[in-house]
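Trainee: quick one, structure for this:
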Amino acid sequence: MFPLIDTGIPWLDFLLTLLVLVLMTYPVIGGFSWFIGVLCYQHGFKHKQNEWIDIPTEIEPMVTIMIPAHNEEISISDTVNYLMTKMNYSNYEVLVIDDGSTDSTPKILNQLMEQYEKLRVIRIEENKGKAHAFNVGIAFTKGKLILSNDADTAPEPDALWKYVNYFIQPDSFNIAAVSANMDVKNRTTILAKSQTVEFSSIVGIIKRTQAGVLGSLYAYSGANKMYRKDALIDANLFRQDRATEDISIAWDHQSKGWVSVFAPDIIFYMEVPENLKMLYRQRRRWAKGGTEVWLTNFKKVLLHPFQHIGRTVMFIDQTLSIIWAFVFWIFLFIFIIMLINFLIEGNTERVYHMLTMNFIFVSFEMIAGLMQLGTSMLIDDNGNKLKYFIFSPFYMLLFWMMNAAAIVITFIPAVKTILGYGKGTWTSPERRGNE
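Mentor: Numbers count the residues shown, from 1 in each chain. Have a look, this model is predicted:
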């Protein structure tokens with residue numbers, strides 16, 4: 001192999017060149033793999049729902065819709081009213097876990113309980129986090145099926161009976177959770193519209209591939225998914241010190257032999273960050289949670305790589321993502337230093353060479369990214385999101401860099417969590433309310 005890097009040490013040149021080539025081709029290999037995975041999902045996925053069964057009211061399984069809430073005075077009333085009046089299902093309850101709210105959330109919930117008989121509220125005096133709220137709430141659920149629903153999220157009216165369809169099939173006894181297809185509710189800013197592109201990419205290709213080929217999911221859709229109560233109990237409930245309970249429980253389920261299913265035909269709408277501060281807070285939490293899961297499962301995968309091939313493949317992909325994030329910033333720093341040095345020396349030939357190679361590299365990444373995003377938006381939601389494809393370059397330039405930065409910044413905090421110094425308390429996102 002002809003080395004791209006020349007340090008004068010042959011073995012080091014080989015390793016560094018190999019690393020660079022892997023990182024350069026990683027997006028293309030990933031995009032091609034996701035595309036093949038979609039074909040496998042479309043034509044061979046065992047738990048794909050092709051026909052919906054009408055469930056008579058008298059035999060509907062009981063479902064508990066659980067809403068963990070912390071300082072949600074802006075959105076909680078609209079969400080509860082929607083869930084109580086718009087769902088095409090009869091046998092369900094709504095259980096709100098008020099996790100130490102200090103705003104008007106408790107007062108609003110008390111008023112709503114007077115209005116709706118199916119609404120119950122559990123009050124936790126001290127904020128201990130979403131996972132803790134879930135674990136407390138599970139003890140009070142009436143249903144054996146639990147729909148986790150965020151306080152700013154609205155599932156489609158048919159969501160409950162569609163979810164239940166997955167759990168009443170003859171071969172569904174080992175399904176732990178069904179994760180739905182997310183969509184953006186507040187498409188009012190460029191940032192929010194760009195996340196429509198992102199969700200289409202994540203959901204349109206990656207989750208289909210994970211479910212159809214790997215037999216599991218890297219993470220459940222955090223804002224809306226349905227759990228089998230017995231599967232939660234079997235996994236010892238949610239880890240309360242983790243940043244992302246939806247990623248953590250997905251890996252705990254597959255470690256126990258449970259199956260996770262993706263349901264692209266069940267849609268829910270969620271609010272997304274509309275400014276950079278909110279977006280960074282969200283991505284920092286996601287990155288930390290992903291690294292925590294990676295560290296937690298490192299030994300399991302290393303010692304038993306063939307025990308669950310799907311888990312091992314997802315672990316390798318996560319490993320490459322973490323390495324890519326660090327290498328990206330290291331290479332960028334080296335590039336800037338070298339560019340400044342050549343500019344000071346007046347070496348225009350090297351400056352031109354560096355800028356040209358960088359342009360080629362960025363173009364290579366952008367083309368690969370556009371191919372993946374374009375394919376995903378064609379597949380997801382029958383192509384109805386294609387009009388947002390124009391926001392793809394903005395998404396790739398901003399979100400990829402922010403996600404890479406979040407992984408690097410939260411790596412040490414994630415290590416501290418694994419060592420026993422983590423906490424699961426949360427701060428409610430900023431809400432705009434109705435305008």
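Trainee: whichever strand or helix holds residue 77: which residues count as buried?
Mentor: Using DSSP states H and E, residue 77 maps to helix 76-85. Buried positions in helix 76-85, judged by neighbour count with 16 or more other CB atoms under 10 Å: 76, 77, 79, 80, 83, 84. Bear in mind the C-beta positions are built from the backbone N, C-alpha and C, glycine included.
Trainee: which one of the residues you listed sits closest to residue 194?
Mentor: residue 79 (24.5 Å; CB to CB).
Trainee: separation between that closest one and residue 153?
Mentor: For residue 79, the distance to residue 153 equals 7 Å [CB to CB, to the nearest Å].
Trainee: return the residues in contact with the residue lying closest to residue 242 once chain neighbours are set aside.
Mentor: Using CB to CB, 6 or more residues apart in numbering and skipping the chain neighbours, the partner closest in space to residue 242 is residue 248 (4.6 Å). If a contact means CB atoms under 8 Å, 6 or more residues apart in numbering, then residue 248 has 131, 238, 239, 242, 289, 292, 293, 296 as its contacts.
Trainee: out of the buried residues of helix 76-85, who's nearest residue 136?
Mentor: residue 76 (17.7 Å).
Trainee: pLDDT weak spots in the stretch 101-250 of the chain?
Mentor: 201-204 (pLDDT under 70).
Trainee: is residue 222 in a helix, a strand, or coil?
Mentor: coil (DSSP: H, G, I helix; E, B strand; the rest coil).
Trainee: that one - nearest residue in space that isn't next to it in sequence?
Mentor: Nearest to residue 222 is residue 246, by CB to CB, 6+ apart, at 4.1 Å.
Trainee: for that neighbour, give me its contacts.
Mentor: 219, 220, 221, 222, 225.
Trainee: please produce CSV containing the residues you listed, extended by distance to residue 15 and neighbour count.
Mentor: Converted to CSV, the contacts of residue 246 look like this (distance: CB to CB, whole Å; neighbours: other CB atoms under 10 Å):
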residue, distance to residue 15, neighbour count
219, 32, 24
220, 37, 28
221, 39, 26
222, 38, 20
225, 41, 29
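Trainee: need these in JSON lines (columns: distance to residue 172).
Mentor: Formatted as JSON lines, those follow (distance: CB to CB, whole Å):
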{"residue": "219", "distance to residue 172": "21"}
{"residue": "220", "distance to residue 172": "17"}
{"residue": "221", "distance to residue 172": "19"}
{"residue": "222", "distance to residue 172": "23"}
{"residue": "225", "distance to residue 172": "15"}
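Trainee: gap between residue 287 and residue 209?
Mentor: 21 Å.
Trainee: then residue 383?
Mentor: From residue 383 over to residue 209 (counting by CB to CB), the distance is 19 Å.
Trainee: please apply the same query to residue 356.
Mentor: In terms of CB to CB, residue 356 sits 35 Å off from residue 209.
Trainee: more crowded one of these two?
Mentor: residue 209 (22 against 10; other CB atoms under 10 Å).
Trainee: does that one touch residue 215 like I think?
Mentor: No. Judged on CB atoms under 8 Å, residue 209 makes no contact with residue 215 at a distance of 10.9 Å.
Trainee: overlap in contacts of those two?
Mentor: Joint contacts of residue 209 and residue 215 (CB under 8 Å, 6+ apart) do not exist.
Trainee: for this structure, which segments count as strands?
Mentor: 63-69, 92-99, 119-124, 145-149, 153-155, 175-184, 224-228, 259-270 (DSSP state E).
Trainee: the ones you listed: which one's closest to residue 421?
Mentor: Comparing the strands of the chain under CB to CB, the one sitting nearest is strand 92-99, at 21.2 Å.
Trainee: tell me how far the closest one is from the chain's mean position?
Mentor: In terms of CA atoms, centre = their mean, to the nearest Å, the centre of strand 92-99 is found 23 Å from the chain centre.
Trainee: which of the buried residues of helix 76-85 lies closest to residue 29?
Mentor: Using CB to CB, the buried residues of helix 76-85 come closest to residue 29 at residue 79, 40.6 Å.
Trainee: tell me the spacing between residue 304 and residue 290.
Mentor: From residue 304 to residue 290 the distance is 21 Å (CB to CB).
Trainee: pLDDT wise, what is residue 38 at?
Mentor: Residue 38 is assigned 69 on the pLDDT scale.
Trainee: and if you look at residue 50?
Mentor: 66.
Trainee: also residue 302?
Mentor: 91.
Trainee: please apply the same query to the one 5 residues further on.
Mentor: The predicted structure scores residue 307 at 83 on the pLDDT scale.
Trainee: what does residue 430 give?
Mentor: 59.
Trainee: hang on, the earlier thing: helices - which of the contacts of residue 248 land there?
Mentor: 131, 289, 292, 293, 296 (DSSP state H).
Trainee: what's the PyMOL line that selects buried ones from these?
Mentor: Only the buried entries of the ones in helices among the contacts of residue 248 go into this PyMOL selection, using 16+ other CB under 10 Å:
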select buried, resi 131+289+292+293+296
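Trainee: out of the ones in helices among the contacts of residue 248, who's nearest residue 362?
Mentor: Residue 362 lies nearest to residue 289 out of the ones in helices among the contacts of residue 248, by CB to CB, at 29.1 Å.
Trainee: the closest one and residue 247 touch, don't they?
Mentor: Yes. If you go by CB under 8 Å, residue 289 and residue 247 touch, sitting 5.0 Å apart.
Trainee: so who does residue 351 touch?
Mentor: With CB under 8 Å, 6+ apart, residue 351 has these contacts: 339, 342, 343.
Trainee: grab the nearest non-local neighbour of the first one.
Mentor: In this case it means residue 339. On the basis of CB to CB, 6+ apart, the spatially nearest residue to residue 339 that is not a chain neighbour turns out to be residue 354, at 5.8 Å.
Trainee: neighbours of the one you found, how many?
Mentor: 15.
Trainee: do residue 398 as well
Mentor: Neighbours of residue 398 (other CB under 10 Å): 15.
Trainee: tell me the contacts of the nearest residue to it once chain neighbours are set aside?
Mentor: Leaving aside its sequence neighbours, residue 398 sits nearest to residue 194 (CB to CB, 6+ apart; 7.3 Å). Residues in contact with residue 194 (CB under 8 Å, 6+ apart) are 388, 391, 394, 395, 398, 399.
Trainee: report the two of those separated the most.
Mentor: 388 and 398 (14.8 Å).
Trainee: how many residues are close by residue 210?
Mentor: By other CB under 10 Å, neighbour count at residue 210 equals 25.
Trainee: my bad, should have said residue 12
Mentor: Counted with other CB under 10 Å, residue 12 comes out at 13.
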